[in-house]
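Q: Give me a model of this one.
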Amino acid sequence: MAAVEQLAVDTRRIPERERIDAWQQILSDIGGPIQVDPIPGETFMGELKLVRRGPIAFYDMCYSGMRLWRRPVDVARMDKEMFALSLTQPSCSLRVERGGQALELQGGRSYLFDHAAPYRTEPPSAYKTRSIAFPSSLLRRRVRGLRPFYALGDCVQSSGGLALINVFAQHLAQGAATWSDEEVDSLSGQLLDLLALFLGTGDGAVAGAESSLRAGHRQRALEHIRRHAHDPELTPARVAQACGISLGYLNEVFRGQAAGVEDSIFDERLEAARRLLSDARRRRVPIQTLAYEAGFNDASHFSRRFKRRFGLTPGELRAQEASRAKPPH
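A: Predicted structure coming up:
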């Protein structure tokens, strides 16, 4: 069996002056950068039991006396996009603000949500949950038009289907430390297949709305690329940061398109270079200078990409444009 990573934390056993920073670091390690603010006058407490098997994390958590919030800048710093299936305890409830909407997470219900989204929450009392976190790619390849948030009781039409998901997830989580690697892989895949089965039968209009959301993110990213492609420091990570989404989610948004994020940046630079090379007013400007103006910082790389894109070198294009501009004899 491969190594099983386990962690047990109780902030009451941590020196008081270190509790907040330690808890924030633990939550960031699980789900990405997050802010932890203590609530004045309330007892700050966090408990966590974590078992990590490969890319899957199983954890039981209880916390109180704090506000948790993930800012757009935190999302932009995330190096991977994770989804979490949360199984709340019957006596617990939680108010969450996501995307300008207030959501009430009711005790005893199950929720599926994307960690790579800004949110803010404050539990009214000690909040307990059991969660299974996994890379979003494992679910996106199974569910078309995956949304960032699901209240499973609302989208799984069959009560039997919801009970099956909950029982299966609980069973998998309870044995997380003792399952063999083969069992973890198989059972985790079966849980994701179950989620995909029931999420895929939801309202098509809702799925379409998520597709529109993804298209909106993509359009916003492309507009940023068009405005800033001339900057040689522009990278997919900087595009994601400017759009307030994670790099992993940005790549998902471009998945299935003719060009990915990086190729879209280079395509915009190549089009700008082609326009500069075709401009009669810039005919005496060295090609290398025009390449720099378009956003390239390596002349050889520019030439290779240019020929691959347009079928001729920058010098050949410039000569071709110059011959066309000559008046007939």
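
Q: C-alpha from now on. contacts and neighbour counts both.
A: Will do.

Q: and residue 252, how far is that from residue 73?
A: The spacing between residue 252 and residue 73, counted by C-alpha to C-alpha, to the nearest Å, is 19 Å.

Q: which stretches of the stretch 101-250 of the chain form helices?
A: Along the stretch 101-250 of the chain, the stretches classed as helices by DSSP state H, counting those that start in this stretch are 136-140, 152-155, 159-174, 181-199, 204-228, 236-243, 247-254.

Q: so can I have TSV of those showing distance to residue 40 and mean pLDDT?
A: Supplementary listing: the helices of the stretch 101-250 of the chain in TSV, determined by distance: least, C-alpha to C-alpha, whole Å; pLDDT from 0 to 100:
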stretch	distance to residue 40	mean pLDDT
helix 136-140	35	84
helix 152-155	34	71
helix 159-174	34	86
helix 181-199	40	88
helix 204-228	37	67
helix 236-243	32	90
helix 247-254	35	84
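
Q: Among the ones you listed, which comes closest to residue 51?
A: Nearest of these to residue 51, taken as C-alpha to C-alpha: helix 159-174 at 8.7 Å.

Q: got the buried residues for that closest one?
A: Counting neighbours by 16 or more other C-alpha atoms under 10 Å, one finds that the buried residues in helix 159-174 are 161, 162, 165, 166, 168, 169, 170, 172, 173.

Q: could you dump these to JSON lines with distance to residue 139?
A: Formatted as JSON lines, those follow (distance: C-alpha to C-alpha, whole Å):
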{"residue": "161", "distance to residue 139": "18"}
{"residue": "162", "distance to residue 139": "17"}
{"residue": "165", "distance to residue 139": "15"}
{"residue": "166", "distance to residue 139": "17"}
{"residue": "168", "distance to residue 139": "17"}
{"residue": "169", "distance to residue 139": "15"}
{"residue": "170", "distance to residue 139": "19"}
{"residue": "172", "distance to residue 139": "17"}
{"residue": "173", "distance to residue 139": "18"}
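
Q: For these, name the two members farthest from one another.
A: Farthest pair in those (C-alpha to C-alpha) is 161 and 173. Separation: 18.3 Å.

Q: quick revisit: so which of the helices of the stretch 101-250 of the chain gets nearest residue 286?
A: Sorting the helices of the stretch 101-250 of the chain by C-alpha to C-alpha, the top spot, which is the nearest, belongs to helix 204-228 at 22.2 Å.

Q: which residues sit against stretch 221-239?
A: Stretch 221-239 has contacts (C-alpha atoms under 8 Å, 6 or more residues apart in numbering) with 76, 240, 242-243, 247, 261-262, 264-266, 268-269, 292-297.
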